[in-house]
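In: Return atomic coordinates for the entry below.
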Amino acid sequence: MKFKKSEKLYKKGLKNLVGAVNSPVRAFASVGGNPLFIEKAKGSKIYDVDGNEYLDLVVSYGPMILGHRHKKVEKAAKKALKKGYSFGASTAAEIKLAKIVCDAFPEMDKVRFVNSGTEAVLSGIRLARAYTGKDKIIKFSGCYHGHQDALLVAAGSGLATLSLPGSKGVPEGAVKNTLIAEYNNLESVKAHFEKYDDIAGVIIEPIGGNMGVVVPQNNFLKELQELVQNNNALLIADEVMTGFRSTFGGAQEKLGVVADITCLGKVIGGGFPVGAYGARNEIMENVAPLGGMYQAGTLSGNPIAMAGGIATLTELKKQNPYDKFEEIGAIIEVILLETAKKYNVDLSVNRFGSMINPFFTNIKVTNFEEAQSSDTEKFAVFFWEMIKNGVFLPPSQFEAWFLNSEITEKDIQVFSNAVDKAIGKVANSF
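Out: Here you go, the predicted structure:
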């Protein structure tokens, strides 16, 4: 497999783009080598500029749940495009998509569309503070909620800890009201509530998707919901990744919890830039123009994005591919584990519905610290061998893989063959 055109574009892109990319993970820094440049995609496949074909397990980090360029989504987007690109005014499509989303979340009466998951989360946090009149927010180490200053943090020393800026350019003052807890550790959350009386809310990815795929253990989320309620704070669910991926609605339904505020993105735009946050009436009525919490956006509710979202969710409800995802996910998990056993390579696999992630470690991964124990050098070897054998993966150990409804039995065979070669290469390299 050749990558000459990608290499050429990478060198050309270095002149006017930062690192030749527009999002850091695309730079392939954690796996080495030059990034791949993509030309097109269709169904379960993606094609780079050199003409190489891959089974796509990135699917734009989640939103292409129906596969690339689904005919109904494409038709809806083209129809909307002919009417205009952006109006800076309200459209009927916003109302239609809002009803579909709210109907899928029983505790959500109203929703506000924005342009990205990051924007949804920062607005959701502002809303929690506006509703409660409190300032502090608890987040979990390893959960990523976009690149806003207040949540771009790193843990200080100790289990229950104040935050430290996690990026240059983030002042200490921006994270002074952010507290960090450990995922799957309720005691680390209790410690904060015992120390502070001005906690507005707790934000969490119901399924951790930015430290691999990390699943809540031992009723952690149910007990977290109860703890938050007992302390007169709000539970904020960041379902930007998990929304409409594990069921038609959110992961909350499968996990038996109900958040006060839910943040969405990815699937609800069908591949177009979109985000949303929603809650019950008494909370959402704090948002302007009904209340005093200001949030606005010229491109919010963009007609093309709304059309793509309506078509995607309508088709998704019709297909109801979630049992199929469970079956395919289980097959992929078995392939990974049995192949690792065949070559005597330490491997642990986490999975939730259509999200899956292998870790090169001999322990079960339940939090960020355990995820970091995995061997990233082995993953880099594994990644490139998978690429060379026709499977496109996220170029990071700590990014979830995603399934789509266009995956076929032939695709599974391609995957199985690639895994055998990739894990075999890992075994022979260390």
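In: what about the closest residue in space to M1 that isn't next to it in sequence, neighbour count?
Out: Once flanking residues are discounted, M1 sits nearest to K388: 5.0 Å by C-beta to C-beta, 6 or more residues apart in numbering. To be clear about C-beta, it is placed using only N, CA and C from the backbone, and glycine gets the same treatment. The local packing of K388 (other C-beta atoms under 10 Å) involves 15 other residues.
In: Which secondary structure state does G173 sit in?
Out: Assigned by DSSP: H, G, I helix; E, B strand; the rest coil, the conformation of G173 is helix.
In: Give me the neighbour count for it.
Out: Other residues near G173 come to 9 when the count uses other C-beta under 10 Å.
In: Just the pLDDT for it.
Out: The per-residue pLDDT reported for G173 equals 86.
In: I'd like the numbering to begin with 22 instead of 1 from here.
Out: All right, first residue 22 from here; so that's G194.
In: residues in contact with it?
Out: Contacts of G194 were listed using C-beta atoms under 8 Å, 6 or more residues apart in numbering, and none were found.
In: any idea how far the residue nearest to M22 lies from A48?
Out: To A48, K409 is 19 Å away according to C-beta to C-beta, to the nearest Å.
In: cool, E215 as well?
Out: 42 Å.
In: more neighbours, these two?
Out: Per other C-beta under 10 Å, whichever of E215 and A48 has more neighbours is A48, with 17 against 10.
In: Does that one touch V39 like I think?
Out: No. In this structure, A48 sits apart from V39 without contact. The criterion is C-beta atoms under 8 Å, and the distance is 9.1 Å.
In: Which residues are in contact with E303?
Out: Applying C-beta under 8 Å, 6+ apart, no residues contact E303.
In: three-state assignment of it?
Out: helix.
In: For I282, see how far away it is.
Out: Between E303 and I282 the distance, using C-beta to C-beta, works out to 12 Å.
In: Buried residues, stretch 84-97. List them.
Out: With burial defined by 16 or more other C-beta atoms under 10 Å, the residues of stretch 84-97 counted as buried are 84-89, 91, 94, 97.
In: And for stretch 95-106?
Out: For stretch 95-106, the buried set under the neighbour-count rule, 16+ other C-beta under 10 Å, comprises 97-98, 101.
In: for stretch 43-56, same thing?
Out: Using 16+ other C-beta under 10 Å as the burial criterion, the residues of stretch 43-56 that qualify are 46-49, 51-52, 54, 56.
In: Could you do stretch 272-292 as well?
Out: Within stretch 272-292, the residues that count as buried by 16+ other C-beta under 10 Å are 272-276, 278-292.
In: Likewise for stretch 413-429?
Out: For stretch 413-429, using 16+ other C-beta under 10 Å, the buried residues are 413-428.
In: Do you have the strands of the stretch 22-171 of the chain handy? List them.
Out: Along the stretch 22-171 of the chain, the stretches classed as strands by DSSP state E, counting those that start in this stretch are 59-63, 66-69, 74-77, 131-135, 157-161.
In: how about the ones you listed, which one is nearest L368?
Out: Minimum separation from L368 across the strands of the stretch 22-171 of the chain (C-beta to C-beta) falls at strand 74-77, 19.6 Å.
In: All set now, cheers.
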